[in-house]
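Peer 1: My questions are about this predicted structure, shown below with the sequence.
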Amino acid sequence: MSKIADAFKNGKAFIPFITAGDQGLDKTKEFILTMERAGADLIEIGIPFSDPIAEGVVIQEADIRALSAGTTTDKVFEMLRNLRRETDMPLVFMTYLNPVFHYGYEKFFSLCEEVNISGIIIPDMPYEEKKECEEQALEHGVEVVSMIAPTSEERIKSIAKEARGFIYVVSSMGVTGIRTEIKTDLKSILAAIKEVTDVPAAIGFGIHSPEQAREMSRIADGVIVGSAIIKLIEQYGENAAPHIEEYVKNMKAAM
Amino acid sequence: MPDSNGRFGQFGGQYVPETLMNELINLEKQYEHYRNDREFNEELNYLMNEYAGRPSGLYFAERMTEDLGGAKVYIKREDLNHTGSHKINNCLGQVLLAKKMGKTRVIAETGAGQHGVATATVAALLNMECEVFMGKKDTERQALNVYRMELLGAKVHAVESGTQVLKDAVNEAMREWSNRVIDTHYVLGSVMGPHPFPMMVRDFQSVISREAREQILEKEGKLPAAVIACVGGGSNAMGMFYNFIPDKEVRLIGCEAAGRGVDTAEHAATMAKGSIGVFHGMKSYFCQNEYGQIDEVYSISAGLDYPGIGPEHAYLRDSGRAEYVSVTDDEAVESFEYLARTEGIICAIESAHAVYHARQLAPKLGKDENIIICLSGRGDKDVAAIARYRGKDIHE
């Protein structure tokens, strides 16, 4: 069983996201351990990118803060080496294709293997382009997470059939960020996915409240939250840990 | 070209979020249909000729030729099109296509404002809602163009994210497109972005070389030794090159912006200094750092101030068919002034990059040869900035 599958075996999975290097990489490590303690099942670690076209303002600004503080891909791997002395929880990366491409697929994914990164989400690498690096990722035990959007329609089945790790169901049109209302017919998307695969499906984009987490966890195998956590970090800076802990606990409890 | 996967060799592709994929596939299908549709082509030709003023002239620059003492210099006058640049060719094509596809709203990115103005113009003509994304810094530098777009009925968004220039405007337009694909078409302004944009924009711009090839054969009875165009994303250059690609004896030369010099940190010389990457939906060359973060680039010309280049250019360069040179701010400004004095033409500062290289090349060629400069736009928009460059404090 893959590490990602582990994250889904004890009920619904809560999957928080954090931008690496926002408030410094030592803080990233602290926040990851805090989220694990608070009940996170799988954590998405964002490698910051200069031009994150799938992100709303909150995560864009976290990327800028992290890059301005001197965060690099090498330093993220170094932080993970330290982190791995303290936890073996399932972790995945979330980043854009260019930082991975430029680093070199072989070098990047072999380092992922070394620090036990189980998957990668690359929003600008759709189904048609996954041959770009899926094979090299798999050779190092890294599963490329497929995304399904409200506009995917007849593509849902082809994407789901080849999916590995988990499926990232994008709840809404547009970019990441907190939304008060999610209008997409997620039930029928999830039903179409479940017809062709047993790979777990988690919903992300726009989710921030325990009520939403509860509602989403009824139809999906997991819930992904990014911007709401980044907002806490933006607000409380280096002292965000207790706030993150309380938030993650509440979200997990609601599911 | 491109192949069935939207690739020019290894370059191109469709590196966009899943939310946009079905729309790109739909666009590809619809474009494939309408490009072969007689009615669509008749309408487009009508607008190109009657509204935009095509065909544009191929002008023999006699004084410049005498002064340089080598090959005859011809100038393809895209600056005389309606709205003052080649951008209208692509906008007429794309907005008409969007209308046929049943879209009611178009969005666009713009740097200096040329593409934004052209999109707003055609949107007004075809009665479409229009919103333009422009980096906040550019809205300040080109305030007149912002007002122009507003006069044309467009809404202009000053983009405050990132570095607040052209690449950030593209980011924001892509974000907005993924937010509202159903009724909205994204009129990308250059031969860049995900397939089918590089192909489609090239096709709409290829009218430049279709005309120029006929015109030069008529005037000179022979093909040019070289065609020269400026490149940012590369749309006027692709338009100027396209119909000459099979004519192996014609050199295709793109002039990119070296800003304060390719060995300084302030340039936009993607071909000279960039490396292969994946950004804005395409695999191509980009100015980026050792970790694949996209660089902030610089040129006096807002239209060339882009950290990437269209994938077909990347292919033409790597296959040896086209060559790319870098031209500094100083060289471009001096050529801007030269063309004004010598031929009485105030050209866009973008186009002045191509003028500079033509001045280097012409004297090296025989008098029986000829070269063509693509004059992508007129320079009214740049006059105040050039005055400031020369130390005269003029504001629009």
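Peer 2: Alright, I've got the coordinates.

Peer 1: What residues of stretch B:103-110 count as buried?
Peer 2: B:103, B:106, B:107, B:108, B:109, B:110 (16 or more other C-beta atoms under 10 Å in any protein chain shown). C-beta coordinates here come from the backbone N, C-alpha and C atoms, glycine included.

Peer 1: Now compare those and name the two farthest from each other.
Peer 2: B:103 and B:110 (19.0 Å; C-beta to C-beta).

Peer 1: Chain neighbours aside, what residue packs nearest to the residue of the stretch 101-250 of chain B found nearest chain A?
Peer 2: Using C-beta to the nearest C-beta, residue B:179 is the residue of the stretch 101-250 of chain B that sits closest to chain A, at 3.4 Å. Nearest non-adjacent residue to residue B:179, counting by C-beta to C-beta, 6 or more residues apart in numbering or on different chains: residue A:174, 3.4 Å away.

Peer 1: Equivalent analysis for residue B:252, please.
Peer 2: residue B:322 (4.0 Å).

Peer 1: Repeat that for residue B:26.
Peer 2: Using C-beta to C-beta, 6+ apart, the nearest residue to residue B:26 is residue B:101, at 7.8 Å.

Peer 1: OK, contacts around the one you found?
Peer 2: B:26, B:27, B:30, B:185 (C-beta atoms under 8 Å, 6 or more residues apart in numbering or on different chains).

Peer 1: Is there a neighbour count for the residue of the stretch 101-250 of chain B closest to chain A? I'd like the number.
Peer 2: 15 (other C-beta atoms under 10 Å in any protein chain shown).

Peer 1: Test my guess that it contacts residue A:175.
Peer 2: Yes: counting by C-beta atoms under 8 Å, residue B:179 touches residue A:175, with 7.1 Å between them.

Peer 1: The residue nearest to residue B:179: neighbouring residues, count only.
Peer 2: Neighbours of residue A:174 using other C-beta under 10 Å come to 21.

Peer 1: Poorly predicted segments of the stretch 1-150 of chain A, please.
Peer 2: In the predicted model of the stretch 1-150 of chain A, residues A:1-2 satisfy pLDDT under 70.

Peer 1: residues from it in reach of chain B?
Peer 2: Within the stretch 1-150 of chain A, the residues that sit near chain B (C-beta under 8 Å from any C-beta of the partner chain) are A:49-51, A:53-54, A:56-57, A:60, A:64, A:67, A:72-74, A:97-103, A:123-129, A:132, A:147-150.

Peer 1: Go again with 6 Å.
Peer 2: Residues of the stretch 1-150 of chain A found near chain B (C-beta under 6 Å from any C-beta of the partner chain) are A:50-51, A:53-54, A:60, A:72-73, A:97-99, A:101-102, A:123-124, A:126, A:128-129, A:147, A:149.

Peer 1: Provide the secondary structure category for the closest residue to chain B within the stretch 151-255 of chain A.
Peer 2: Proximity of the stretch 151-255 of chain A to chain B (C-beta to the nearest C-beta) peaks at residue A:174, 3.4 Å away. Following DSSP: H, G, I helix; E, B strand; the rest coil, residue A:174 is assigned to coil.

Peer 1: for it, phi and psi?
Peer 2: phi 90, psi -150 (degrees, to the nearest 10).

Peer 1: From what I see, it and residue B:177 are in contact.
Peer 2: No: look at residue A:174 against residue B:177 with C-beta atoms under 6 Å: they stay out of range, at 9.3 Å.

Peer 1: where's residue A:229, which helix or strand?
Peer 2: Using DSSP states H and E, residue A:229 maps to helix A:227-236.

Peer 1: okay, the following helix or strand past that helix in PDB with CA atoms only?
Peer 2: Where DSSP H and E defines the elements, the next helix or strand beyond helix A:227-236 is helix A:241-254. Extracted C-alpha coordinates of helix A:241-254, given in PDB (Å, rounded to 0.1, in the frame of the first residue of the first chain):
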ATOM      1  CA  ALA A 241       1.400  27.400  15.400                       C
ATOM      2  CA  PRO A 242      -1.300  27.400  18.100                       C
ATOM      3  CA  HIS A 243      -3.800  29.000  15.700                       C
ATOM      4  CA  ILE A 244      -3.100  26.400  13.000                       C
ATOM      5  CA  GLU A 245      -3.400  23.600  15.600                       C
ATOM      6  CA  GLU A 246      -6.800  24.800  16.800                       C
ATOM      7  CA  TYR A 247      -8.000  25.300  13.200                       C
ATOM      8  CA  VAL A 248      -6.800  21.800  12.000                       C
ATOM      9  CA  LYS A 249      -8.400  20.100  15.100                       C
ATOM     10  CA  ASN A 250     -11.700  21.800  14.400                       C
ATOM     11  CA  MET A 251     -11.700  20.900  10.700                       C
ATOM     12  CA  LYS A 252     -10.700  17.300  11.400                       C
ATOM     13  CA  ALA A 253     -13.400  17.000  14.100                       C
ATOM     14  CA  ALA A 254     -16.100  18.200  11.800                       C
END
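
Peer 1: Quick one: list the elements packing against helix A:241-254.
Peer 2: helix A:25-38, helix A:210-219, helix A:227-236 (3 or more C-beta pairs under 6 Å, 6 or more residues apart in numbering or on different chains; DSSP states H and E).

Peer 1: got those helices as CSV, with mean neighbour count columns?
Peer 2: Below are the helices and strands packed on helix A:241-254 laid out as CSV (neighbours: other C-beta atoms under 10 Å in any protein chain shown):
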stretch, mean neighbour count
helix A:25-38, 20
helix A:210-219, 18
helix A:227-236, 20
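
Peer 1: neighbours around the residue of the stretch 101-250 of chain A found nearest chain B, how many?
Peer 2: Using C-beta to the nearest C-beta, residue A:102 is the residue of the stretch 101-250 of chain A that sits closest to chain B, at 3.0 Å. Counted with other C-beta under 10 Å, the neighbours of residue A:102 add up to 20.

Peer 1: so where does it fall, helix or strand?
Peer 2: helix A:97-103.

Peer 1: Same check on residue B:14?
Peer 2: Judged by DSSP H and E, residue B:14 forms part of strand B:11-15.

Peer 1: next structured bit after that strand?
Peer 2: Next along the chain after strand B:11-15, with elements defined by DSSP H and E, is helix B:18-34.

Peer 1: now that next one, how far from the chain's geometric center?
Peer 2: 23 Å (C-alpha atoms, centre = their mean, to the nearest Å).

Peer 1: which residues touch it?
Peer 2: Under the contact criterion C-beta atoms under 6 Å, 6 or more residues apart in numbering or on different chains, helix B:18-34 has outside partners A:126, A:147, A:149, A:151, B:14, B:40, B:97, B:100-101, B:178, B:181, B:194, B:196, B:200.

Peer 1: before we move on, the earlier item: TSV please, covering the helices and strands packed on helix A:241-254 and showing distance to residue A:188.
Peer 2: Shown next, in TSV, are the helices and strands packed on helix A:241-254 (distance: least, C-beta to C-beta, whole Å):
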stretch	distance to residue A:188
helix A:25-38	31
helix A:210-219	10
helix A:227-236	26
